[in-house]
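> Fold the following and give me the result.
(4 chains)
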Number of protein chains: 2
Amino acid sequence: MASDPLSTTFAALADPTRRAILSRLALGETSVLELAQPFDMSLPAISKHLKVLEHAGLISRSREAQWRPCRIAPVSLKEVDQWLGGFRRFWDQSFARLDGVLEEMKAHEIKIRERLKPSGPAKRKSGVNKARAKKEK
Amino acid sequence: MASDPLSTTFAALADPTRRAILSRLALGETSVLELAQPFDMSLPAISKHLKVLEHAGLISRSREAQWRPCRIAPVSLKEVDQWLGGFRRFWDQSFARLDGVLEEMKAHEIKIRERLKPSGPAKRKSGVNKARAKKEK
DNA sequence: CCTGTATTTAACCCGAAGGTTATTTAACCT
DNA sequence: AGGTTAAATAACCTTCGGGTTAAATACAGG
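Predicted structure coming up:
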């Protein structure tokens, strides 16, 4: 497995048992035994899953007598969400519209700048990367 | 690997090469060779990555002469986003606040109902699952 | 038809993921 | 100290993921 943080997090989430554990933890901190209870799986297996989640920064664990209560640690999830954000316009209508608005604002700003400093050339943002040009059937 | 759709998608995203490919595709549809160009990796390896992405529903491919242009397919990403949504309150302040507001609205609604039908007991929503009760040191 | 270009498939290697059982550590309670 | 409960570790097995090279497929075009 790739070792960068985001890959580690995605890999940790790529298992239904681990996602179910996280869903359970969304209801609140709990012990390993209680986390294991819904699954038809040995305790060491659960222990491994928890280690994976912890290593991915998705949960944190403390000690309380002989229990090691687990809770959700939000930072990694937040990072996943932020990565996803870069693609949100592909499915979220309102984000797509926001894209358009930003384009418009940018164009408008450029016009304003050009009007304010008629001597110097306005700083042009390089346009969207338009690779793959030559290709018609 | 687990074979449910969400696991497949997360697994596909758990690789920096594949995420980079998606990022490139966010700029627009392109060919396999151009997708491969930034990576120090054989072409069959890229081909496999694309197959994984396609199987996860993250990209779609068409044919155009001898090229097989790829583009982003948003549905799987959207599903990931929706799954994440269930946890957003853990890191998003405004969502946490929304949680509070919803709680308040629910309580208010119950009061109203009770006032309107003083004869029958108001339909109580069962409270948040409060597992793990007995545990004090 | 033959050659070049784009891409996939086949066959293989290696290490890591996810599961098992058996054993060990840690902490509580008499 | 001894016994019980909670959890982790060790050792092991099998499957799968990501990479390789070499060969096959699909199409365009002189």
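> drop to CA atoms for contacts and neighbour counts, all remaining ones
Fine.
> Mind telling me what element the closest residue in space to A:F39 that isn't next to it in sequence is part of?
Closest residue in space to A:F39, ignoring its immediate chain neighbours: A:T17 at 7.9 Å, by CA to CA, 6 or more residues apart in numbering or on different chains. Assessed by DSSP states H and E, A:T17 sits inside helix A:16-26.
> May I see the buried residues of whichever helix or strand comes after that helix?
Next in sequence after helix A:16-26, counting helices and strands by DSSP H and E, comes helix A:32-36. Buried residues in helix A:32-36, counted by 16 or more other CA atoms under 10 Å in any protein chain shown: A:V32, A:L35, A:A36.
> try stretch A:9-29
A:9-19, A:21-22, A:24-25, A:28-29.
> And the strands in chain A, which stretches?
Applying DSSP state E to chain A gives strands spanning A:59-61, A:70-72.
> Check the average confidence over the last one, would you?
Strand A:70-72 comes out with an average pLDDT of 98.
> List the contacts of that strand.
A:22, A:25-26, A:28-32, A:58-62 (CA atoms under 8 Å, 6 or more residues apart in numbering or on different chains).
> now stretch A:33-52: how far from the chain's centre is it?
The chain centroid and the centroid of stretch A:33-52 are separated by 25 Å under CA atoms, centre = their mean, to the nearest Å.
> Poorly predicted segments of chain A, please.
Applying pLDDT under 70 to chain A flags residues A:99-100, A:102-103, A:106-137.
> what does chain A have sitting close to chain B?
Counting by CA under 8 Å from any CA of the partner chain, the residues of chain A close to chain B are A:1-2, A:4, A:6-11, A:13-16, A:26-27, A:30, A:34, A:64-65, A:74-75, A:77-78, A:81, A:84, A:87-88, A:90-91, A:128-130, A:132, A:137.
> can you rerun that using 6 Å?
A:S7, A:F10, A:A11, A:A14, A:D15, A:P74, A:F90, A:W91 (CA under 6 Å from any CA of the partner chain).
> and the spatially most central residue of chain A, what does it touch?
Most central in chain A under CA atoms, centre = their mean is A:V80, positioned 1.2 Å from the mean C-alpha point. Listed by CA atoms under 6 Å, 6 or more residues apart in numbering or on different chains, A:V80 has no contact partners.
> Tell me how far it lies from A:A26.
17 Å (CA to CA, to the nearest Å).
> hey, where'd the helices end up in chain A?
Along chain A, counting by DSSP state H, helices occupy A:5-13, A:16-26, A:32-36, A:43-55, A:74-85, A:93-116.
> from those, which stretch is densest packed?
When these are scored by mean count of other CA atoms under 10 Å in any protein chain shown, the highest mean neighbour count falls to helix A:5-13 (a mean of 23).
> tilt between that one and helix B:5-13?
150 degrees (axes from the mean of the first three to the mean of the last three CA atoms, to 10 degrees).
> does any part of helix A:5-13 sit near DNA strand D?
No. Judged by CA under 7 Å from any atom of the strand, helix A:5-13 makes no contact with DNA strand D; its nearest approach is 8.7 Å.
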